[in-house]
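Participant: Provide a 3D model corresponding to the input given below.
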Amino acid sequence: MTPAIRFKLSLMMFLEFFIWGAWFVTLGTYLLQNLHTTGTQVGSAFLTQSVGAIVAPFIIGLIADRYFSAQKILGVLHLTGAVLLWLASRAGDFSAFYPYVLMYMIVYMPTLALVNSISFRQMQNPQKEFANIRVLGTLGWIIAGITIGWLNWEQRGNLGLTFQMAAGASALLGVFSFTLPPTPPIKKAGPATMGEIMGLEAIGLLKNRSYLIFFLSSVAICIPLSFYYGFTNPFLNETGMKSAAGVQSLGQVSEVLFMLLIPVFFVRLGVKKMLAIGMLAWVVRYIFFAYGNGDSAYWMLIAGIVLHGICYDFFFVTGQIYTDNLAGEQSKSAAQGFITLATYGVGMLIGSLLSGQIVDAHKTTGDLHDWHTIWLIPAGIAAVVLAVFVLLFKDQNAPVPAEVIDYAEANARLEV
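Facilitator: Residues are numbered from 1 along each chain as shown. A predicted model of the protein is given here:
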């Protein structure tokens, strides 16, 4: 890979995740404070991510893989997204805002696969080269959060500007995409089947009892995950944390560090212990949130945020490696698509609906909430999932080969 191509791919990744982090982290706070919505409406807004995750395979499978170059589709989607984000920033109430964010997530979620596809096609050895490119995406998410905190938009009630900042970055990436290395579609014979598009050819993995337990656990753990995505920022702002969005970026810093350590832990602990530790971290995180505050227990809030690296990497990245190891050579991509559809599609959809209703049910006076009780609920859900997983999952598969362990360093993940 030439330095020029490496630079272009790195900038593409930086902008891709800067755009997402620029508005997604503070979305719950914006809706509650600026548009005066209910918790259920906040959950519905975050549910659009699941809708986008479900629709994404159709856009990729029916269009990008067969008819048009990936970089051109990426450009069109981001230019469209820029317009939708700008219109969302101008919406005066939730009924006007929701259609824009729904349409935006439908056009944005496919771009996560497209940036990976464009990158992989330029690499000789993705296992060694991809991590250095993908880490710029996490850096983009971090910079977005720090920028919001530095400009103090949360305390000033100016979170509508986050959508305009994201719209500007989306327009920039949309134009820049047309300068990316050509990534023509792979010619495939015959029409795409529904199974190919949705990754259902990998459904045979569920015949493996241990993988079935892992699969169901992955869907279930996304329910408490929805609480974190949707309501952590409003919670931190209610506790009086300054520059909450910037502080939340510590979670992404932790994510990068633990990503680098995954190969070491993988060899020493194995699949079951890694997955269990990841789920246990979810339980501990929510307990910290439940008992933390802006005064003497402030450290609990920071610890809960920093645990993001273990929460996400140990479960989701390890799970993707485990899935890759079990899938046959012809169904590896389908298997990854299948687990993504199940988690970010089905699991997050259920979690988004449930979390909003729970937050509404525990509203106290004014715009305040009983966060102690709210956070104990996802902690309990995660604890039940952990107990079932530990009791039923049997890691009886062959040791993970070295090349699969190397995959940990190159794995592309949906950010939060």
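
Participant: would you say Cys311 is within a helix?
Facilitator: Yes - Cys311: assigned to a helix according to DSSP: H, G, I helix; E, B strand; the rest coil.

Participant: got the domain boundaries for the chain?
Facilitator: Listed by automatic domain parsing, the domain ranges of the chain are 1-181, 198-416.

Participant: For the ones you listed, which has the smallest mean pLDDT value?
Facilitator: Here those differ in mean pLDDT, and the lowest is domain 198-416 at a mean of 82.

Participant: My read is that Phe97 contacts Arg90, right?
Facilitator: No - with contact taken as Cβ atoms under 8 Å, Phe97 and Arg90 are classed as non-touching, separated by 9.2 Å. Every residue, glycine included, has its C-beta placed from N, CA and C.

Participant: neighbour count winner among the two?
Facilitator: For Phe97 versus Arg90, neighbours defined as other Cβ atoms under 10 Å are more numerous around Phe97 (23 against 12).

Participant: so which strand or helix has that one?
Facilitator: helix 94-120 (DSSP states H and E).

Participant: Determine the set of other helices and strands touching the helix or strand just after that helix.
Facilitator: Next helix or strand after helix 94-120 toward the C-terminus (DSSP H and E): helix 126-150. If you count contacts as 3 or more Cβ pairs under 8 Å, 6 or more residues apart in numbering; DSSP states H and E, helix 126-150 packs onto helix 3-24, helix 94-120, helix 160-177, helix 244-248, helix 250-291, helix 402-410.

Participant: what about the longest one, distance to the chain center?
Facilitator: This points to helix 250-291. Averaging C-alpha positions (Cα atoms, centre = their mean, to the nearest Å) puts helix 250-291 16 Å from its chain's average.

Participant: Tell me the helices and strands packed up against that helix.
Facilitator: With contacts defined as 3+ Cβ pairs under 8 Å, 6+ apart, the packing partners of helix 250-291 are helix 126-150, helix 209-238, helix 298-306, helix 308-309, helix 318-326, helix 371-392, helix 402-410.

Participant: which outside residues touch whichever strand or helix holds Gln155?
Facilitator: Per DSSP H and E: Gln155 is located in helix 153-156. Here helix 153-156 makes contact (Cβ atoms under 8 Å, 6 or more residues apart in numbering) with 26, 29, 148, 159, 161-162, 233, 237, 242-245.

Participant: Just the buried ones among those residues, please.
Facilitator: Buried subset of the contacts of helix 153-156 (neighbour count, 16 or more other Cβ atoms under 10 Å): 26, 29, 148, 159, 161-162, 233, 237, 243-245.

Participant: can you put those residues in CSV and add distance to Pro263?
Facilitator: Shown next, in CSV, are those (distance: Cβ to Cβ, whole Å):
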residue, distance to Pro263
Thr26, 34
Thr29, 37
Ile148, 33
Leu159, 39
Leu161, 40
Thr162, 35
Asn233, 32
Asn237, 37
Ser243, 34
Ala244, 33
Ala245, 31
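
Participant: which one of these is nearest Lys394?
Facilitator: Lowest distance from Lys394 to the buried ones among the contacts of helix 153-156 (Cβ to Cβ) belongs to Asn233, with 38.8 Å.

Participant: doesn't Trp23 make contact with that closest one?
Facilitator: No - in this structure Asn233 lies outside contact range of Trp23 using Cβ under 8 Å: 11.1 Å.

Participant: count of residues packed around Val51?
Facilitator: Counted with other Cβ under 10 Å, the neighbours of Val51 add up to 18.

Participant: Measure how whichever strand or helix holds it sits relative to helix 94-120, angle-wise.
Facilitator: Using DSSP H and E, Val51 sits in helix 39-59. Helix 39-59 and helix 94-120 are oriented at 40 degrees to each other (axes from the mean of the first three to the mean of the last three Cα atoms, to 10 degrees).

Participant: Check which helices and strands helix 39-59 sits against.
Facilitator: Short answer (3+ Cβ pairs under 8 Å, 6+ apart): helix 39-59 packs on helix 27-33, helix 94-120, helix 194-198, helix 209-238, helix 348-361.

Participant: Quick check: buried residues in the last one?
Facilitator: The one in question is helix 348-361. 348-356, 358-360.

Participant: Also the fourth one?
Facilitator: Judged by neighbour count using 16+ other Cβ under 10 Å, the buried positions of helix 209-238 are 210-211, 213-238.

Participant: what's the answer for the second one, then?
Facilitator: Within helix 94-120, the residues that qualify as buried are 94, 97-98, 100-119, counting by 16+ other Cβ under 10 Å.

Participant: re the thing from before, next one: the helix holding Val51 to chain centre, how far?
Facilitator: Its chain's C-alpha centre and that of helix 39-59 lie 12 Å apart, by Cα atoms, centre = their mean.

Participant: Over to stretch 249-264?
Facilitator: 15 Å.

Participant: try stretch 377-384
Facilitator: 20 Å.

Participant: what residues does that stretch touch?
Facilitator: Contacts for stretch 377-384 (Cβ under 8 Å, 6+ apart): 220-221, 223-224, 227-228, 279, 282-283, 286-287, 290, 355, 358.

Participant: thinking again about what came up before, for the contacts of helix 153-156, work out which two are farthest apart.
Facilitator: Farthest pair in the contacts of helix 153-156 (Cβ to Cβ) is Leu161 and Lys242. Separation: 17.9 Å.

Participant: isn't Leu180 right next to Leu74, touching?
Facilitator: Yes - with contact defined as Cβ under 8 Å, Leu180 counts as touching Leu74 (7.4 Å).

Participant: Those two: which has the busier surroundings?
Facilitator: Leu74 (27 against 23).

Participant: so who does Val51 touch?
Facilitator: 102, 105-106, 349.

Participant: Please identify the one among those that lies nearest to Phe68.
Facilitator: Ile106 (17.4 Å).

Participant: From Val55, how far off is the closest one?
Facilitator: Using Cβ to Cβ, to the nearest Å, one gets 5 Å for the distance from Ile106 to Val55.

Participant: Then Leu74?
Facilitator: Distance from Leu74 to Val55, by Cβ to Cβ: 16 Å.

Participant: Tabulate the contacts of helix 153-156 (JSON lines), appending distance to Ile262.
Facilitator: Formatted as JSON lines, the contacts of helix 153-156 follow (distance: Cβ to Cβ, whole Å):
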{"residue": "Thr26", "distance to Ile262": "29"}
{"residue": "Thr29", "distance to Ile262": "32"}
{"residue": "Ile148", "distance to Ile262": "29"}
{"residue": "Leu159", "distance to Ile262": "34"}
{"residue": "Leu161", "distance to Ile262": "36"}
{"residue": "Thr162", "distance to Ile262": "31"}
{"residue": "Asn233", "distance to Ile262": "27"}
{"residue": "Asn237", "distance to Ile262": "32"}
{"residue": "Lys242", "distance to Ile262": "32"}
{"residue": "Ser243", "distance to Ile262": "29"}
{"residue": "Ala244", "distance to Ile262": "28"}
{"residue": "Ala245", "distance to Ile262": "26"}
